[in-house]
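# let me see the structure of the following:
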Amino acid sequence: MTIEITGTTPVDGAETILTPEALQFLEKLHQEFRDRREERLAARAARREDVAQTGRLDFLPETAEIRSGNWTVAEAPPQLQDRRVEMTGPASPAKMAINALNSGAKVWLADLEDASTPTWHNVIDSQLNLYGAARGNLSYTSPEGKEYALRTDAPLSVVVARPRGWHLPEKNITVDGEPAIGALVDFGLHFFHNASHLLETGSGPYYYLPKLESHLEARLWNDIFVFSQDYVGVPQGSVRATVLIETIPAAFEMDEILYELRDHASGLNAGRWDYLFSIIKYFRDGGESFILPDRASVAMTAPFMRAYTELLVKTCHRRGAFAMGGMAAFIPNRREPEITAQAIDKVRADKTREANDGFDGSWVAHPDLVPVCREVFDAVLGDRPNQIDRQRPEVEVTAAQLLDVESADGDVTEVGLRANLYVAVAYVAVWLSGNGAVAIHNLMEDAATAEISRSQVWQQIRNKVVLADTGNTVTPELVNSILAEETEKLRGEVGDEAFSKFYEPASRLIADICVSEDYTDFLTLPAYELVS
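Numbering: from 1, shown residues only. I've put the predicted structure just below:
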């Protein structure tokens with residue numbers, strides 16, 4: 001074989017995952033699909049350059065027949081008919097995996113992407129935990145002697161794993177002398193070890209696909225599913241995939257993405273921070289009309305966000321697919337009952353909007369929010385498992401509405417700038433320490449939060465935005481000054497060892513990518529170079 005493990009950090013149990021047979025499958029996946037992945041990444045860059053020249057995106061004329069056709073996706077398997085509450089979180093450590101599986105949510109989104117730092121330990125430990133979850137024997141004993149085990153008094157959450165996006169490499173594995181592709185490593189190891197077993201026990205290999213930018217990327221995934229099902233000998237159509245519509249070009253290709261995956265499609269999901277991050281990335285040359293207000297003030301009720309979510313529900317239900325709502329990231333805090341009560345009220349209002357709009361379920365980031373989300377969707381769904389029958393024919397969304405960023409209320413302020421820099425440094429620091437799911441100010445954050453934060457700062461510098469609360473113009477000098485103050489604030493909140501090891505490098509990285517003339521497509525790429 002030409003596949004090699006280059007990671008030197010020993011991981012207990014790795015031999016269970018990195019078997020010769022599993023590695024051979026990874027090698028075959030790379031040799032079969034590596035070139036097409038490179039073509040798709042190059043196509044992303046070319047399309048972005050075209051948008052920079054034209055300043056516009058639109059629905060594709062060459063796929064009009066797909067959008068007007070009467071096709072539907074394959075019927076969902078029984079385990080995915082009811083998805084009214086989905087718990088999200090990393091698959092490592094085992095304690096978090098067990099808590100998610102025991103949470104009472106219908107689905108656990110086992111996140112190998114934005115909520116997981118791709119250290120070699122996390123990559124392998126996540127696979128081991130998913131291996132144990134599939135077999136019902138996952139357990140953990142803490143250093144203090146507390147035991148965690150899978151519940152037997154109620155159903156466990158159905159696992160839907162999210163591999164890394166197409167752009168991320170896996171530097172601890174090489175194939176033909178080149179770094180492996182993170183998405184193929186995550187999907188390949190999980191599918192090879194668990195697909196047959198899951199099907200034998202009444203479940204199946206289910207996935208969330210992140211950061212797709214076109215239907216041709218969905219076609220690539222579909223071909224990978226077909227190849228993989230043949231390789232391990234499971235029936236075609238065993239895989240079910242839900243696609244996150246979290247990039248602005250994908251919002252214009254929802255029909256086409258479902259069509260490409262129609263034998264394996266389960267639904268689409270409406271994100272928030274990644275979607276806004278993508279709008280900035282795509283239209284960073286678009287001038288004032290694409291300047292977003294402070295991140296915290298951009299609500300899902302903004303007209304351009306409403307257009308996106310309404311179109312998603314209509315598209316999904318017309319095609320027999322599930323429409324999944326966005327994240328409730330709040331973390332309840334028993335020491336702050338008033339703040340917790342206010343936040344839960346906001347979560348309930350957000351989930352009520354989604355349920356009334358026709359979504360079939362939604363995400364939460366903490367087990368304590370599972371009952372809140374379930375209560376809201378129970379009130380709308382009753383005994384029905386979903387509301388796919390709600391077709392939304394009255395919804396008509398134009399390209400102009402999807403791109404009407406100016407419709408968002410709010411200002412750009414120094415308060416917002418400070419918050420972006422603080423959160424970006426705080427998140428990246430903890431990410432560098434090996435934890436991709438980070439609690440910041442009572443919110444469970446993942447990489448998308450840092451991406452939108454640093455992208456807003458970059459955009460504000462390039463457009464010389466004037467801050468509404470101070471009258472100052474956003475310049476590299478102002479950003480560096482505020483960044484130094486926010487970093488110093490973090491120094492007072494963490495120990496000296498953690499600050500020098502993680503927070504100082506994180507602050508330097510954020511400074512580099514915020515004030516650079518060139519825009520960094522994904523901060524996790526340079527950050528990954530800093531991870532040992």
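# for the record, mean pLDDT for the helix ranked longest in the chain?
In the chain, ranked by residue count with DSSP state H as the criterion, the top helix is helix 20-54. Here helix 20-54 scores 96 as its mean pLDDT.
# which residues sit against the next helix or strand after that helix?
The element immediately downstream of helix 20-54 (helix or strand, assigned by DSSP states H and E) is helix 64-68. Surrounding helix 64-68, the residues in contact under the criterion Cβ atoms under 8 Å, 6 or more residues apart in numbering are Phe59, Asp255, Glu256, Tyr259. Yep, even glycine has a C-beta here, placed from its N, CA and C like the rest.
# spatially nearest residue to the second one (excluding sequence neighbours)?
Setting aside the residues directly before and after it, Asp255 is nearest to Arg67 in space (Cβ to Cβ, 6 or more residues apart in numbering), at 4.6 Å.
# next, work out how far apart the one you found and Arg319 are.
11 Å (Cβ to Cβ, to the nearest Å).
# ok, now Asn463?
Asn463 is 39 Å from Arg319, where distance means Cβ to Cβ.
# who's more crowded, those two?
Each of Asn463 and Arg319 has its neighbours counted (other Cβ atoms under 10 Å); Arg319 has more, 21 against 18.
# and the more buried one, how far is that from Lys106?
Counting by Cβ to Cβ, the separation of Arg319 from Lys106 is 21 Å.
# and if you look at Asn194?
Distance of Asn194 to Lys106, given as Cβ to Cβ: 19 Å.
# backbone phi and psi for Gly145, please?
Here is the backbone geometry of Gly145 (degrees, to the nearest 10): phi 100, psi 0.
# same question for Thr470.
Comment: the main-chain dihedrals of Thr470 come out as phi -120, psi -20, following degrees, to the nearest 10.
# wait, it sits on Gly416?
No: Thr470 is beyond contact range of Gly416, at 11.2 Å (criterion: Cβ atoms under 8 Å).
# need the contact partners of the helix or strand of the chain with the lowest mean pLDDT.
For the chain, scoring each helix and strand by mean pLDDT, DSSP states H and E identifies strand 443-445 as the least confident one, at a mean of 87. Under the criterion Cβ under 8 Å, 6+ apart, residues Gly89, Ala329, Phe330, Ile331, Ala365, His366, Val423, Tyr427, Ala437, Val438, Ala439, Thr449 lie in contact with strand 443-445.
# filter these down to the ones in strands?
If you go by DSSP state E, those have Gly89, Val438, Ala439 in strands.
# so what's the last one up against?
Under the criterion of Cβ under 8 Å, 6+ apart, the neighbours of Ala439 are Ile331, Glu445.
# and stretch 348-355, average pLDDT?
Per-residue pLDDT values across stretch 348-355 average out to 96.
# any buried residues in that stretch, and which?
Arg348, Asp350, Lys351, Arg353, Glu354, Ala355 (16 or more other Cβ atoms under 10 Å).
# make JSON lines from those residues and add secondary structure and distance to Trp458 to it.
Below are these laid out as JSON lines (DSSP: H, G, I helix; E, B strand; the rest coil; distance: Cβ to Cβ, whole Å):
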{"residue": "Arg348", "secondary structure": "helix", "distance to Trp458": "35"}
{"residue": "Asp350", "secondary structure": "helix", "distance to Trp458": "28"}
{"residue": "Lys351", "secondary structure": "helix", "distance to Trp458": "32"}
{"residue": "Arg353", "secondary structure": "helix", "distance to Trp458": "31"}
{"residue": "Glu354", "secondary structure": "helix", "distance to Trp458": "31"}
{"residue": "Ala355", "secondary structure": "helix", "distance to Trp458": "36"}
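# ok, those residues vs Gln81, which is closest?
Of all these, Ala355 has the smallest distance to Gln81: 16.7 Å, by Cβ to Cβ.
# how about that closest one, nearest residue that isn't a chain neighbour?
For Ala355, ignoring the flanking residues on the chain, the nearest one in space by Cβ to Cβ, 6+ apart is Val380 at 4.1 Å.
# am I right that the one you found is in a strand?
No: remark: Val380 does not belong to a strand; assigned using DSSP: H, G, I helix; E, B strand; the rest coil, it is helix.
# give me the pLDDT for the closest residue to His121 other than its chain neighbours.
Distances taken as Cβ to Cβ, 6+ apart place Val11 nearest to His121, at 5.2 Å, with adjacent residues excluded. Turning to Val11, the model gives it a pLDDT of 94.
# which residues touch Val11?
Contacts of Val11 by Cβ under 8 Å, 6+ apart are Trp120, His121, Ile124, Asp125.
# again with Ala302
When contacts are counted by Cβ under 8 Å, 6+ apart, Ala302 touches Ser407, Ala408, Asp409.
# how far away is the residue sitting furthest away from the middle of the chain from Glu477?
With distances taken as Cα atoms, centre = their mean, the residue sitting farthest from the centre of the chain turns out to be Gly471, at 35.4 Å. Between Gly471 and Glu477 the distance is 16 Å, computed by Cβ to Cβ.
# circling back: of Thr470 and Gly416, which one has the most company?
Taking neighbours as other Cβ under 10 Å, Thr470 and Gly416 compare with Gly416 leading, 24 against 12.
# the closest residue to that one other than its chain neighbours: what's it in contact with?
Sequence neighbours aside, Asp294 is the residue nearest to Gly416 in space, at 3.0 Å (criterion: Cβ to Cβ, 6+ apart). Listed by Cβ under 8 Å, 6+ apart, the contact set of Asp294 reads Gly410, Asp411, Val412, Thr413, Val415, Gly416, Ala419.
# likewise for Ala251?
In this structure, Ala251 makes contact with Ile245, Tyr275, Tyr308, Leu311, Leu312, Leu402, judged by Cβ under 8 Å, 6+ apart.
# tell me which entries of the residues you listed lie within strands.
Counting by DSSP E, the members of the contacts of Ala251 that fall within strands are Ile245.
# tell me the two of the contacts of Ala251 that are most distant?
Across the contacts of Ala251, the longest distance by Cβ to Cβ is 12.3 Å; it joins Tyr275 and Leu311.
# the residue nearest to Ala355 contacts Glu354, doesn't it?
No: under the criterion of Cβ under 8 Å, Val380 makes no contact with Glu354, lying 9.3 Å away.
# quick revisit: could I get the contacts of Val11 as CSV with distance to Ala161, pLDDT and neighbour count?
Compiled in CSV, the contacts of Val11 are given as follows (distance: Cβ to Cβ, whole Å; pLDDT from 0 to 100; neighbours: other Cβ atoms under 10 Å):
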residue, distance to Ala161, pLDDT, neighbour count
Trp120, 18, 97, 21
His121, 18, 96, 19
Ile124, 14, 98, 24
Asp125, 14, 98, 23
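# which one of those residues is nearest Pro385?
Comparing these against Pro385 with Cβ to Cβ places Asp125 closest, at 33.3 Å.
# now for that closest one: which residues touch it?
Val11, Gly13, Ala91, Ser92, Pro93, Ala94.
# ok, Gly182 next?
Counting by Cβ under 8 Å, 6+ apart, Gly182 touches Pro118, Pro163, Arg164, Gly165, Leu168, Pro169, Glu170.
# any low-confidence regions in the stretch 51-200 of the chain?
For the stretch 51-200 of the chain, not a single residue meets the criterion pLDDT under 70.
# next SSE downstream of the helix or strand harbouring Glu504?
Assigning secondary structure by DSSP H and E places Glu504 in helix 504-515. Moving toward the C-terminus from helix 504-515, the first helix or strand encountered (DSSP H and E) is helix 524-529.
# tell me which residues in that following helix are buried?
Per 16+ other Cβ under 10 Å, helix 524-529 contains these buried residues: Thr524, Ala527, Tyr528.
# quick one: it to chain centroid distance?
Its chain's C-alpha centre and that of helix 524-529 lie 17 Å apart, by Cα atoms, centre = their mean, to the nearest Å.
# now do that helix: everything it contacts.
118, 167-169, 171, 428, 431-432, 447, 509, 512-513, 520.
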